[in-house]
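A.B. asks: sequence first, predicted model second:
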Amino acid sequence: MGKKENIDEKKEEIPKDNALTAVNSEVSKSTILQTAMAKVENPDSFSSRQCRILFDNCSQLSYVSPELCQKLNLMPKAYKDVAISVFGGKRSYNEHLPIVEVIVKGEKKENILVECFVKDICSSLKNHKLNFIQSKFNHLKNIKLADSNPENKDLKVDILIGADFYWDFITNETIRGNDKGPIAIKSKISYILSGPLIEKVDKKKINSNVVISHVFEIQAKEIENVNNIHTNFQKAFEFETPKVKPIKDENKFSHESFKKEIKFNEKENRYQVPLPFIENMEFINDNFNYCASRLKSLIKKLKNNNTLLESYNHIIKEQLKNGVIEKVDDYYKHIGRTHYLSHRPVIRADRLTTKIRLVYDASSAKDGPSLNECLHQGPVLTEPLLEPYLSICFHCRY
């Protein structure tokens, strides 16, 4: 960390995520890390937040904090085993981490899609006097910084952008000053600062200076379970025809009920079957007020984009026309025998055809169980595709 001179006899407890060295010096030296504030969105909904992003191209992967993941209601797209090691590679460990996607809004309203692993990133950043730095150095005075810290508080990091997405944000433009100081790096969010900050310290007032080094996990790679790979290939070689697995005992009732109660509606030209409710399940409330509240919030957000609002309204009208949903004319008439489902749009701007879909949320509930919690899950009738896929790949290649 640095040369130690005149170390005080008083020892302080060292936090696990920071390395501390106490020295007596006439100057205070700290390093400004690359941070930015940006609007971050959930790609599957309208939920968004202003978040602090730390850019670190020494980290091989990108991360999002569990707290932000919960606030944006980010759903895992996949899970992967990751081997994580810190400086020197002397200590490493494996973790099974969820992967989520977020959209980071750029300065010019561009959307940057980032794939992140969900994991705690680091403790709050200290000594990031961004506003003071900008006022002190001439080469920084007339530029717009991506982050600010007028009250010199500790900065909490929500997202870490690693080398896998670092260059999706960073450009080749930099600004350096003749009086040294931090470098301004142009990003798609705005200018971010990076580099050393040296300040003079009054020895009469300060006996020691604590140098804080934030240690990030600098190496992380996805790993495969060797035993699983061997097992899957062995199954692929033995694969001949798909075999339907026997239905488990706990699913036999719902499966038999499904076969017994399914009927064909000739008038509407479609099959119908009642929902397989669990026996002796506690009372499920109507969920009306909760759904109405979510609908008002959704309409308010959709009004910011007339195209999406019209598309969403068209979907609802089509479902009403086709008998998928029905209009609530008299709420009090149906009390006690009706359950309402909330819904939300799933937006995929990159799709050529269906850019918006309506999804009903049977997992949402308030003051009672959700609809999904009241239904039998039922048996899995589809055979996993991994075995035939591996077999086909092997025979095609060889």
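C.D. replies: Cool, the structure landed. Numbers count the residues shown, from 1 in each chain.

A.B. asks: quick check: the gap between Ile356 and Ser30.
C.D. replies: 47 Å (C-beta to C-beta, to the nearest Å). C-beta: built from backbone N, CA, C; applies to glycine.

A.B. asks: ok, Glu373 next?
C.D. replies: Using C-beta to C-beta, Glu373 is found at 52 Å from Ser30.

A.B. asks: more neighbours: the two, which one.
C.D. replies: Ser30 (17 against 14; other C-beta atoms under 10 Å).

A.B. asks: surely that one is within a helix?
C.D. replies: No. Ser30 is assigned strand when assessed by DSSP: H, G, I helix; E, B strand; the rest coil, not a helix.

A.B. asks: so in terms of bridging, what pairs with it?
C.D. replies: Counting by DSSP bridges, Ser30 is bridged to Leu197.

A.B. asks: check it and give its pLDDT.
C.D. replies: pLDDT, Ser30: 76.

A.B. asks: and the one 5 residues further on, by the same measure?
C.D. replies: With respect to pLDDT, Thr35 has a value of 94.

A.B. asks: pairing partners for the helix or strand that contains it, with directions?
C.D. replies: Element membership for Thr35 (DSSP states H and E) is strand 34-41. Strands that pair with strand 34-41, judged by DSSP bridges, come out as strand 48-55 (antiparallel), strand 92-105 (antiparallel).

A.B. asks: buried sites along the longest one?
C.D. replies: Read it as strand 92-105. 97-105 (16 or more other C-beta atoms under 10 Å).

A.B. asks: now the strand holding Thr35: buried residues?
C.D. replies: 34-38, 40-41.

A.B. asks: possible to save these as a markdown table with distance to Gln60?
C.D. replies: What follows is the buried residues of strand 34-41, written out as a markdown table (distance: C-beta to C-beta, whole Å):
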| residue | distance to Gln60 |
| --- | --- |
| Gln34 | 16 |
| Thr35 | 20 |
| Ala36 | 20 |
| Met37 | 24 |
| Ala38 | 22 |
| Val40 | 21 |
| Glu41 | 25 |
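
A.B. asks: return the member of those residues nearest to Lys180.
C.D. replies: Gln34 (17.6 Å; C-beta to C-beta).

A.B. asks: ok, and the closest non-adjacent residue to the closest one?
C.D. replies: Phe55 (4.0 Å; C-beta to C-beta, 6 or more residues apart in numbering).

A.B. asks: next: Thr35.
C.D. replies: Counting by C-beta to C-beta, 6+ apart, Asp147 is the residue found nearest to Thr35 once chain neighbours are left out, at 4.6 Å.
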